[in-house]
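Novice: return a 3D structure for these sequence lines:
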Amino acid sequence: MIGILIIAHGTLGESLIHCASHVMGSRPPLLRQLGVGTHDDPVMLLPQAQQMIKELDEGLGVLILSDVYGATPCNLVTRLLQPGHVEGVAGVNLPMLVRVLTYRNGSIMNLVEKAISGGRDGVVHFSKDSCKHHD
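Specialist: Numbering: from 1, shown residues only. Here you go, the predicted model:
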C-alpha cells in the first residue's frame, strides 16, 4: 500500500484527514499530515517530513499531497521528492484525497494520475436544478 502524506498550510491536512475518515468510515492507514504554520521555517520541518516518509513507506512509495503549487508547503515537498518512489501533487482537495485512498494499491505513477483526475473531476459547477434534492 502506498503511503499518503499531506503537507499543507495550517490545519488543512488535519481537516482533510478528518473528513476523509468520515467519508471512508474509519481512519485510513498509512495517512499522515504535516501542517506548515506562518512562522515555520521549512528547512526546520524537513527532518520531520523525512521521518514521516520513512514511517509511511512500506516499499511501494509515498505520495505527498500539498495545497498550493509554489507556496511554502509545496516548496518543502520539492525537497522530499524521489522520482518514482516519493511523488508530489499540488492542489489537494477532499475528492483527490478520497480517490488516492481508494486506489493506492497499484503503482505510484498510476496513483499520481488518480490524484490529478480526482482533484480535477471533483471541481464541478452545479446549479439547483442539476442537484437531486427533496423538499
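
Novice: quick one: low-confidence parts of this structure?
Specialist: 132-135 (pLDDT under 70).

Novice: try it again at 80.
Specialist: Low-confidence segments of the chain, defined by pLDDT under 80: 130-135.

Novice: what about the strands in it?
Specialist: 3-9, 31-36, 62-66, 86-90 (DSSP state E).

Novice: export the ones you listed to a markdown table and tack on distance to residue 130?
Specialist: In short, each C-beta sits where N, CA and C put it, glycine included. Putting those into a markdown table (distance: least, Cβ to Cβ, whole Å) gives the following:
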| stretch | distance to residue 130 |
| --- | --- |
| strand 3-9 | 30 |
| strand 31-36 | 32 |
| strand 62-66 | 28 |
| strand 86-90 | 28 |
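
Novice: now mean neighbour count and distance to residue 108 too, for those, in CSV please.
Specialist: CSV is the format used below for those (neighbours: other Cβ atoms under 10 Å; distance: least, Cβ to Cβ, whole Å):
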stretch, mean neighbour count, distance to residue 108
strand 3-9, 24, 10
strand 31-36, 20, 15
strand 62-66, 26, 6
strand 86-90, 21, 5
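
Novice: tell me which of those lies nearest to residue 48.
Specialist: Closest to residue 48 of the strands of the chain is strand 31-36 (Cβ to Cβ; 6.5 Å).
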